[in-house]
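Need a 3D model of the following:
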Amino acid sequence: MLLSVSTLTYADYESGLAEFRQGNFASAVYEWREDAEQGDGQSQFALARMFESGSGVRQNLDEAYKWYRLSADNDVLEAQVKLAQLYLGERVEGHGPADAAEWLQRAAQAGHAGAQFQLGLMYLEGFGLEEDAVSAAQWFAQAADQGHVQAQNNLGSLYENGRGVEQDYSRAFELFSQAARQGDAMAQNNLGAMYARGRGVEANHAWAVFWFATASRNGNEVAKDNIPPSLPKLRKKEVSGARVNIRSGAGTDNSRIAQLARGTEVYVLGEGEGWSQVYFEEEGEPVLGWVATRLIY
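This is a model prediction of the structure:
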């Protein structure tokens, strides 16, 4: 009989999920509610999200909190993390950062990368927990090993500065590289700084400019200001003809490259097989791209 109930509960959760994916939110709530009332943690979490967003049911944050708490008690990791976020945001009266830390500990110890990262932040900043850079590094490391991009960047910063870990520029460079290649703008800026300073890698101002420009284009507000010191280290050329040939690929701003005017100054970052990767600014914004080498001199 117990096996039958378990199978039915799972099937009803899947039914609710199918209704949700089709946009039938009220039907999804109907499917999940019965399972949630019978103690199914996944259904409780799904129902909580519906009450929080007001999808298929009247929005009710008190009801959302109730179901998140029940789901968290049933060891649903996402619910534990969500509960911690509610406490961190002081959205539940009588609960705060210290309560959040308890739930994050549970989820982090169970292997949730996001919880490990958030717990690391709390230790690093002394928020809700006593400041402890060593513990912060340990939690960041566990999250980083699971591919958590922000944890990789933060752990890289700890290694660069020797905080909570022994200073190791090579390890910092490795971590910044991992996060930068996954698109993290802060890591891209940090990686550019490593290349510019020659920390953990031989100094290379072409790579420094590339990563600073990439970080700036991805929204890092300080990265653009880091570019000028590296430019004098690069070769400067001029475009010899209007509407230069371009090559599509990573780091190419096709529309701007195609409109380069004759005489425009560009900085060469690298060359290969008849193409040059260049950097220039247009209207104060960094631009990267590949142009035919024969069209610059």
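
how about the helices in the stretch 51-200 of the chain?
Under the criterion DSSP state H, counting those that start in this stretch, the stretch 51-200 of the chain carries helices at the ranges 61-73, 77-88, 97-109, 113-125, 133-145, 149-161, 169-181, 185-197.

Could you dump the ones you listed into JSON lines with mean neighbour count and mean pLDDT added?
Every residue, glycine included, has its C-beta placed from N, CA and C. Converted to JSON lines, the helices of the stretch 51-200 of the chain look like this (neighbours: other CB atoms under 10 Å; pLDDT from 0 to 100):
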{"stretch": "helix 61-73", "mean neighbour count": "20", "mean pLDDT": "97"}
{"stretch": "helix 77-88", "mean neighbour count": "23", "mean pLDDT": "96"}
{"stretch": "helix 97-109", "mean neighbour count": "20", "mean pLDDT": "97"}
{"stretch": "helix 113-125", "mean neighbour count": "23", "mean pLDDT": "98"}
{"stretch": "helix 133-145", "mean neighbour count": "21", "mean pLDDT": "98"}
{"stretch": "helix 149-161", "mean neighbour count": "24", "mean pLDDT": "98"}
{"stretch": "helix 169-181", "mean neighbour count": "21", "mean pLDDT": "98"}
{"stretch": "helix 185-197", "mean neighbour count": "24", "mean pLDDT": "98"}
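
among these, which is nearest Glu283?
For Glu283, the closest of the helices of the stretch 51-200 of the chain is helix 185-197, at 20.1 Å, according to CB to CB.

want to try TSV for the helices of the stretch 51-200 of the chain, with distance to Gln38 as columns?
As requested, the helices of the stretch 51-200 of the chain are exported to TSV (distance: least, CB to CB, whole Å):
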stretch	distance to Gln38
helix 61-73	11
helix 77-88	16
helix 97-109	23
helix 113-125	27
helix 133-145	34
helix 149-161	37
helix 169-181	42
helix 185-197	45
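
Quick one: closest of those to Phe280.
For the helices of the stretch 51-200 of the chain, proximity to Phe280 was assessed by CB to CB; helix 185-197 is nearest, at 16.9 Å.

On the C-terminal side of that closest one, identify the next helix or strand.
Once helix 185-197 ends, the next helix or strand along the chain (criterion: DSSP states H and E) is helix 205-217.

buried residues in whichever helix or strand comes after that following helix?
Next along the chain after helix 205-217, taking DSSP H and E as the criterion, comes strand 235-238. Neighbour-count burial for strand 235-238, counted by 16 or more other CB atoms under 10 Å, picks out Lys237.

Would you give the sheet partners of strand 235-238, along with the direction of each?
Using DSSP bridges, the strands paired with strand 235-238 are strand 265-272 (antiparallel).

list the contacts for the closest residue in space to Glu282 that isn't next to it in sequence?
Leaving aside its sequence neighbours, Glu282 sits nearest to Arg256 (CB to CB, 6 or more residues apart in numbering; 5.6 Å). Residues in contact with Arg256 (CB atoms under 8 Å, 6 or more residues apart in numbering) are 282, 287, 289.
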